[in-house]
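Visitor: what's the 3D shape of this:
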Amino acid sequence: MTLDPGIGDLPQGDVLIRDGIITAVGPALAPQVPGTRVVDARGRLVIPGLVDTHRHLWQGALGGHTGQVSLTGYSGAVIADLAPRYTPEDLYAGTLWGALQALNAGITTVADWAHNLSTPEHADANVRALHDSGIRAVFLYGGPGPDGLGFFGAPAPRHPADARRLQAEHFPRGINGRLRMGLALRGPSFTTPEATRDDFAFARDLGLPISVHVGMAGFPGAVVALDKLGLLGPDVNHAHAAQLSDREFGLIADSGGSISLSPSVDMLMALGTYPATGHALARGIPAGLSVDTTTGSGTDLFTEMRLALAAERSRANASAVSRNEAVESVELNQRDMLRLATLDAARVWHLEDEVGSLTPGKRADVAVVDMRPPHLDGFGDPVTTLVMGAGTADIEMVVVGGQVVKADGMLTGAIAGRARELMHESRANLRDRTGRKAS
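Guide: Numbers count the residues shown, from 1 in each chain. The predicted model follows:
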């Protein structure tokens, strides 16, 4: 499943990779260089590496910490309680483990919304963890402020000026290996208009893309506020966007901005009635799926595809169903969901020329899904089977930039084993600092 409209689906085909680039896609390709590694993927489905448009990787070690909570409960348990206790070592361990969770699930590119960078050492540790993991990422430099994102009282201060130092040291040429940089800004919901204006000016002075949280229940009018300040633009990514008005969706569309959809978190934490999937697609807004936080949800995008599809069909047909009317047809196809996790997601971060499809000339980011198990060995469309049934355990191989990072269902390299040790050490230290016992 190439997701390339010019190539389409190949019932039988090969992907030829050389020097980290896809050089050819088609049937019966022959290796062009002696010693080429040949991967026999019969009975598998080869897809582009998935793209997660919004994720807090530093929380990778906190799985299961916020099961039955709203946004307010999450903010108290994670942002206010645990985040200030993180050392740079904890930040490194959590980010590394979070990145490996993503890779294990076939996610080869992630936008890392790093909002626990209380010191320059924390920021450096975050970038180092991304490098060491082997993932492709947009590192979004955030700052915690005195009370996290500003959920609990006084608005947070202006964005940390250390972002300028980090850009100069780690991203002097814009791209550092597989990493790029952007800014994770608080936006009008969590700070003052003056600080928001200054933060956006800071990002644009550095020439960096921007991401803000908008459209969450209890924090209305964020996009309107950005419009009044004259700050909207194609460099702005709007995370969640679940509770926006029609006018606000129109403003994002007109400005060329993008939306990150987080179906699990939007519904489980009561951020909105439904994810913004249908609104974004109807207006042609670049949109992609995301996990957001793994503290109370999963780590894969297949779950997000299923929830996004079910929620949007429910939203679109709610009026007819409420009148007890039979619905003749439903909109959105499973393939639409796969696109939201690949090519469309790449568009969100202006990476569609590099990743998101199996296209010659693009980076060789590939996931191989084993379709032979009973739950995936289907009669009909393989994409429908994939979207409705696949999970992390079905990802057999993952390739990033031509490098195999998962093979035979297991992450490769010494970093995976070391990451587990560091993650468990960090968990033990966090429990000691909070007086919690291991469960």
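
Visitor: Now residue 98: closest residue in space, sequence neighbours ignored.
Guide: Nearest non-adjacent residue to residue 98, counting by C-beta to C-beta, 6 or more residues apart in numbering: residue 60, 2.5 Å away. Using the backbone N, CA and C atoms, a C-beta is placed for each residue, glycine as well.

Visitor: how much space between the one you found and residue 95?
Guide: From residue 60 across to residue 95, the span is 6 Å (C-beta to C-beta, to the nearest Å).

Visitor: of the two, who's got more company?
Guide: residue 95 (31 against 27; other C-beta atoms under 10 Å).

Visitor: Correct me if wrong, but residue 182 is in a strand.
Guide: Yes - according to DSSP: H, G, I helix; E, B strand; the rest coil, the state of residue 182 is that of a strand.

Visitor: That one touches residue 207, doesn't it?
Guide: No - under the criterion of C-beta atoms under 8 Å, residue 182 makes no contact with residue 207, lying 10.0 Å away.

Visitor: So what's the gap between the longest strand along the chain and the chain middle?
Guide: Taking DSSP state E as the criterion, the chain has its longest strand at strand 107-114. Centroid separation for strand 107-114 versus its chain: 5 Å, with C-alpha atoms, centre = their mean, to the nearest Å.

Visitor: Each with direction, which strands does that strand pair with?
Guide: strand 50-55 (parallel), strand 136-141 (parallel) (DSSP bridges).

Visitor: which element follows the last one toward the C-terminus?
Guide: Downstream of strand 136-141, the first helix or strand assigned by DSSP states H and E is helix 162-170.

Visitor: Now that next one: buried residues?
Guide: 162, 163, 166, 167, 170 (16 or more other C-beta atoms under 10 Å).

Visitor: for these, which one is nearest residue 45?
Guide: residue 170 (36.2 Å; C-beta to C-beta).

Visitor: which other residues reach stretch 412-431?
Guide: By C-beta atoms under 8 Å, 6 or more residues apart in numbering, the surrounding residues in contact with stretch 412-431 are 60-61, 82, 85-87, 89-90, 92-94, 96-97, 100, 132-134, 404-406, 410, 436-438.

Visitor: do stretch 280-289 as well
Guide: So stretch 280-289 is in contact with 51-53, 241, 249-250, 252-253, 257-263, 276-277, 279, 301, 304-305, 308, 332, 336-337, 340-341, 344-348, going by C-beta under 8 Å, 6+ apart.

Visitor: Could you check how far the residue most central in space within the chain is from residue 322?
Guide: The centre of the chain sits closest to residue 52, judged by C-alpha atoms, centre = their mean, with a distance of 2.4 Å. Using C-beta to C-beta, residue 52 is found at 34 Å from residue 322.

Visitor: so residue 304 makes contact with residue 266?
Guide: No - the pair residue 304 / residue 266 is not scored as a contact, 10.0 Å apart, by C-beta under 8 Å.

Visitor: For residue 232, which non-adjacent residue is spatially closest?
Guide: In space, residue 232 is closest to residue 255, 3.8 Å off (C-beta to C-beta, 6+ apart).

Visitor: Wait, the residue nearest to residue 98 touches residue 96, no?
Guide: Yes - assessed by C-beta under 8 Å, residue 60 is found in contact with residue 96 at 7.3 Å.

Visitor: so who does the spatially closest residue to residue 33 that is not a sequence neighbour touch?
Guide: Distance criterion C-beta to C-beta, 6+ apart; nearest residue to residue 33, sequence neighbours excluded, is residue 18 at 6.9 Å. Contact analysis of residue 18 by C-beta under 8 Å, 6+ apart lists 32, 33, 402.

Visitor: how about the first one, secondary structure?
Guide: The assignment at residue 32 comes out as coil when based on three-state DSSP.

Visitor: Tell me how many other residues crowd it.
Guide: The burial count for residue 32: 10, using other C-beta under 10 Å.

Visitor: ok, now which ones touch it?
Guide: Listed by C-beta under 8 Å, 6+ apart, the contact set of residue 32 reads 16, 18, 23.

Visitor: now the residues you listed in TSV, with secondary structure and distance to residue 10?
Guide: TSV is the format used below for the contacts of residue 32 (DSSP: H, G, I helix; E, B strand; the rest coil; distance: C-beta to C-beta, whole Å):
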residue	secondary structure	distance to residue 10
16	strand	13
18	strand	19
23	strand	16
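
Visitor: Let's have the residues you listed in JSON lines, adding distance to residue 226 and pLDDT.
Guide: Output for those, formatted as JSON lines (distance: C-beta to C-beta, whole Å; pLDDT from 0 to 100):
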{"residue": "16", "distance to residue 226": "45", "pLDDT": "97"}
{"residue": "18", "distance to residue 226": "44", "pLDDT": "96"}
{"residue": "23", "distance to residue 226": "42", "pLDDT": "97"}
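
Visitor: Which element, helix or strand, includes residue 424?
Guide: In this assignment (DSSP H and E), residue 424 forms part of helix 414-434.

Visitor: Can you list the buried residues in that helix?
Guide: 415, 416, 419, 422, 423, 426, 427, 429, 430.

Visitor: Just the closest of those residues to residue 213, please.
Guide: residue 430 (24.4 Å).

Visitor: Find me the pLDDT at that closest one, would you?
Guide: We have a pLDDT of 94 for residue 430.

Visitor: Just checking the distance from stretch 411-423 to the centre of its chain.
Guide: 21 Å.
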